[in-house]
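Engineer: Can you look at this prediction? I've put the sequence above it.
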Amino acid sequence: MKLTTPMEITAADSDSRTITGRIVAFNEQANASTGKVTFARGSIVPQDVFLNLEHDNTRRIGKSIAMSVNDKEMTATFKIANTTAGTDALVEAMDGLRDGFSIELAVDNYEMQKDGTMKVLNGQLKGVALVTEPAVRSARVSEVAASEDSETGTVTETTNPNEGDKVDNTTENTAPAAEPVEAPAEAVQASRPAYYTAPRSPIVSKVTYLEHYLKATILHDEDSRQYVKAADNTTSTAPGMVPTPQSTQVINALANADRGMIDALSRETLVGEGMTFEIPKVTAVPTVANIAENAAVTESSLSATFLSVPVQSFKGRAISTVELIDRSRPEYLTALLQNLEFAYAKVTDEFAVGTIAGAGQQTGVNANSATGFLAYTSQAAGAVYGSSLGFARNIVVSPGQWTNIMGYNDNGAPLYNAAQPSNAAGNVRGDSLRGVVSPGLNLFVSRSIGNAGPTTSTGDFSMVVVNPDAWTWYESPRFTLRTAIQSDGTIDILYYGYAAIAPKIPFGACWNQT
C-alpha cells in the first residue's frame, strides 16, 4: 500500500540551494492519501530519496543530502537542482506559496484504530514531494536565509508573516544606474500611449445605484448616466473574466467509515492462510456432585470439538482512465481510495449484522418506549448471561432507535442526553454514535441495522444486546491492486480484503423481536 502525508518546511536557503524541514511526525495524526494516519516511532528509517514536485515523479527538483530522526520526528535537507523548476521551487518555498513536505511511503505493516485512523508500524520511504497544502495549515516556512540574485546583485531578506510578524523587505541595488538616453521628439510623440481614468463614482450601494439610475433615465443627468454605465460593468456583465477557484475539500454525504456492529464485537487478526480456520470449543465439562462417604463417584470428562469459521472476501472495483490519472489533481486518487474504504466498511458491517441476526436469540418485548426499552435491555442482558455465561456489555441500535432513545424522557426531563439529571440513566448524544444506556450497556449506532438481513429501522431486529466475547470479528489488512492498462486506456483499481466472524456462542447476542 502506498500513502502520502504532508509535513512542514522549516528553512530554505537559495545560496546553497537547500530546503530543510520535518517530513514525518511520530504519533501525531496527519491527513494522508488514505485518510487519517499516524506513524509509530521507528516505523520509518532514513534513506536517500528524490524530492518531487506535487508527487509527480517525472518532475524531480532535488535530492536528499541529510536526514535525522528522534523520538518525535524525522527531518530532512534537500539539495535543489539548478534548473528553472528548482529555482521556482525555492522562490515559492520562501514566499510561502509552496511550502509543505509530503512523504511517499510504501506501507509494509499497519493497524487500524477504532476511529478509522491507520497507524503505520513499518514502511519504506520512497520519495518526498514539495506541496502547497501541508497537513496542518500553520506548518509553513519558518526561516528563509538571505539570498543573492546573480543577475541583478539584489539582496533580499524575507521573514514569513504567517504567525502575525511584520514583513521587513530591504532591497539594496548595487548595479550601476543606466545612463539616460534621449530620443527624438517625434519618436516620443508617436509612441505616447493614450490613458483613460474612470470617474470616481458615488454609487456604493443599491440605494445610490437606484438614485442615479432614476436621474439618468428620467432627468437625463449626464453625470449620473456615466456613473450608472461604470457601475454596470460588474461580475455579472463579464463573468468570463472572473475565475472560479475550487476548494480541495470534498463533500461526501453518501458514505463514511462507521462500523457500529463490528466495533461492538471482540476483534482479532485473521490468520494468514486458508479460506477456513478452526477454533477449539468445549462441548462437555467435568461434573462435581455431593457424594456420600464410600459411595461411587460419577464419572465425567472434558471433551471438545472444533468450530469451523469460513473466511469471506470483500472486493470493490473502480474503473479509471489513463487521462484521468495523468491529468487529475492528487485529490482524485485520495477521494477514490477513501470511498472504496467507505464502501468496504459498509459491506463488512452489513455482513456482521446479517450473520448475528440469523443466529442470535430474541426477546418478545416491545422496546419502542422508555419503559419498553428498559424492559428489553434488562431481559436481553439476563438472557445473554444465561446463554453464554458472560456479561452483555454492548448494545447496537439502528439510527431510528437512536433517535427514539434520545427522546425518552421523564415528564419532559430527558433520560439519556441531559448534562446532570437526577434521573440520568446514561448518556446518548446527537453528535456521537457512542454512548451509555441503562442498565450500563455501551451504545453503538450502526447504519447497517435496517439495511441487512431481517432488520428494520425501529421495529423487530432494530436493536441487539451482545456479549462481545461471544462473537469475534477477524480481519486482514486491506489491499489495493492496480491492474495493467487495458487496450482501451482504462485502468482497473481493485480494493479487497478478507474477514471472518466467529459465532463462538451464538446466543451471546439477543435481538428485540415483538
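Structural biologist: Yep, it's here.

Engineer: hang on, isn't residue 277 packed against residue 476?
Structural biologist: No. The criterion here is C-beta atoms under 8 Å, and residue 277 misses it with residue 476 at 11.8 Å. Just so you know, the C-beta spots here come from the backbone N, C-alpha and C atoms, and that holds for glycine as well.

Engineer: ok but residue 16 is inside a strand, no?
Structural biologist: No. Using DSSP: H, G, I helix; E, B strand; the rest coil, the secondary structure at residue 16 is coil, not a strand.

Engineer: who's in contact with residue 266?
Structural biologist: For residue 266, the contacting residues are 468, 469, 471, 472, 473, by C-beta atoms under 8 Å, 6 or more residues apart in numbering.

Engineer: same for whichever strand or helix holds the fourth one, what does it pack against?
Structural biologist: So the one you mean is residue 472. Taking DSSP states H and E as the criterion, residue 472 maps to strand 471-475. For strand 471-475, the elements it packs on are strand 266-269, helix 330-359, strand 490-503, judged by 3 or more C-beta pairs under 8 Å, 6 or more residues apart in numbering; DSSP states H and E.

Engineer: what lines up beside that strand in the sheet?
Structural biologist: strand 266-269 (parallel), strand 490-503 (antiparallel) (DSSP bridges).

Engineer: What are the contacting residues of the helix or strand following the shortest one?
Structural biologist: The C-terminal neighbour of strand 266-269 among helices and strands, as given by DSSP H and E, is strand 276-284. When contacts are defined by C-beta under 8 Å, 6+ apart, strand 276-284 is touched by residues 271, 300-311, 500, 502, 504.

Engineer: what angle sits between strand 276-284 and strand 490-503?
Structural biologist: 10 degrees (axes from the mean of the first three to the mean of the last three C-alpha atoms, to 10 degrees).

Engineer: Provide the partner residues of residue 362 in its beta bridges.
Structural biologist: Judged by DSSP bridges, the bridge partners of residue 362 are residue 511.

Engineer: Among the contacts of residue 266, which one is most surrounded by other residues?
Structural biologist: residue 471 (28 neighbours; other C-beta atoms under 10 Å).

Engineer: Tell me the pLDDT of the closest residue to it other than its chain neighbours.
Structural biologist: Nearest non-adjacent residue to residue 471, counting by C-beta to C-beta, 6 or more residues apart in numbering: residue 265, 4.9 Å away. We have a pLDDT of 95 for residue 265.

Engineer: Report the beta-bridge partners for residue 130.
Structural biologist: residue 53, residue 101.

Engineer: can you give me the strands in the stretch 1-150 of the chain?
Structural biologist: Here the stretch 1-150 of the chain has its strands, by DSSP state E, counting those that start in this stretch, at 2-13, 18-25, 30-32, 35-39, 50-53, 56-69, 73-80, 100-112, 118-131, 143-144, 147-148.

Engineer: got a markdown table for the ones you listed, with mean neighbour count and distance to residue 355 too?
Structural biologist: Formatted as a markdown table, those follow (neighbours: other C-beta atoms under 10 Å; distance: least, C-beta to C-beta, whole Å):
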| stretch | mean neighbour count | distance to residue 355 |
| --- | --- | --- |
| strand 2-13 | 22 | 31 |
| strand 18-25 | 23 | 40 |
| strand 30-32 | 21 | 32 |
| strand 35-39 | 20 | 27 |
| strand 50-53 | 20 | 46 |
| strand 56-69 | 15 | 44 |
| strand 73-80 | 22 | 43 |
| strand 100-112 | 20 | 20 |
| strand 118-131 | 20 | 26 |
| strand 143-144 | 18 | 57 |
| strand 147-148 | 16 | 64 |
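
Engineer: Which of the helices or strands spans the residue in the chain sticking out farthest from the centre?
Structural biologist: No residue in the chain sits farther from the centre than residue 294, which is 71.6 Å out by C-alpha atoms, centre = their mean. Assignment of secondary structure by DSSP H and E places residue 294 within no helix or strand.

Engineer: And the pLDDT at it?
Structural biologist: pLDDT, residue 294: 89.

Engineer: Phi, psi for it please.
Structural biologist: phi 70, psi 10 (degrees, to the nearest 10).

Engineer: With residue 402 instead?
Structural biologist: phi -60, psi -40.

Engineer: Surely it is in contact with residue 431?
Structural biologist: No. Judged on C-beta under 8 Å, residue 402 makes no contact with residue 431 at a distance of 11.8 Å.

Engineer: Those two: which has the busier surroundings?
Structural biologist: Between residue 402 and residue 431, counted using other C-beta under 10 Å, the more crowded position is residue 402 (23 against 4).

Engineer: who's the residue lying closest to that one once chain neighbours are set aside bridged to?
Structural biologist: In space, and not counting its chain neighbours, residue 402 is closest to residue 445: 4.7 Å by C-beta to C-beta, 6+ apart. The partner list for residue 445 in beta bridges (DSSP bridges) reads residue 397.

Engineer: From residue 121, how far off is residue 46?
Structural biologist: Note on residue 46: its distance to residue 121, by C-beta to C-beta, to the nearest Å, is 17 Å.

Engineer: And the strands in the stretch 301-450 of the chain, which stretches?
Structural biologist: 303-310, 312-321, 361-363, 394-397, 409-410, 413-414, 427-428, 434-437, 441-445.

Engineer: mind checking which of those is nearest residue 111?
Structural biologist: Set against residue 111 and scored by C-beta to C-beta, the strands of the stretch 301-450 of the chain come closest in strand 312-321, at 18.3 Å.

Engineer: report the angle between the axes of the closest one and strand 490-503?
Structural biologist: Going by the same axes, to 10 degrees, strand 312-321 makes 160 degrees with strand 490-503.

Engineer: Relative to strand 312-321, what are the paired strands and their orientations?
Structural biologist: In the sheet, strand 312-321 lines up against strand 490-503 (antiparallel) (DSSP bridges).

Engineer: Buried residues in the strand it pairs with, which are they?
Structural biologist: Using 16 or more other C-beta atoms under 10 Å as the test for burial, strand 490-503 gives 491, 493, 495, 496, 497, 498, 499, 500, 501, 502, 503.

Engineer: measure the closest residue to residue 271 other than its chain neighbours to residue 367 for me?
Structural biologist: Nearest non-adjacent residue to residue 271, counting by C-beta to C-beta, 6+ apart: residue 277, 5.1 Å away. Here the criterion is C-beta to C-beta. By it, residue 277 lies 36 Å from residue 367.

Engineer: neighbour count winner among the two?
Structural biologist: Neighbours per residue (other C-beta under 10 Å) separate residue 277 from residue 367, with residue 367 holding more: 27 against 17.

Engineer: Can you give me every residue that contacts the more buried one?
Structural biologist: 373, 375, 376, 377, 401, 462, 463, 512, 514.

Engineer: Which pLDDT value belongs to the nearest residue to it once chain neighbours are set aside?
Structural biologist: Using C-beta to C-beta, 6+ apart and skipping the chain neighbours, the partner closest in space to residue 367 is residue 376 (3.8 Å). The model reports residue 376 with a pLDDT of 92.

Engineer: Surely residue 376 and residue 368 touch.
Structural biologist: No. Residue 376 is not in contact with residue 368 according to C-beta under 8 Å; the separation is 9.4 Å.

Engineer: neighbour-wise, which of those two wins?
Structural biologist: Set residue 376 next to residue 368 and count neighbours by other C-beta under 10 Å: residue 376 wins out with 25 against 17.

Engineer: show me what contacts the more buried one?
Structural biologist: Applying C-beta under 8 Å, 6+ apart to residue 376 gives the contacts 363, 365, 367, 463, 465, 512.

Engineer: just for the stretch 401-514 of the chain, where's the confidence low?
Structural biologist: 418-424, 451-459, 480, 482-484, 514 (pLDDT under 70).

Engineer: next one: stretch 368-386 to chain centre, how far?
Structural biologist: Counting by C-alpha atoms, centre = their mean, to the nearest Å, stretch 368-386 is centred 37 Å from the centre of its parent chain.
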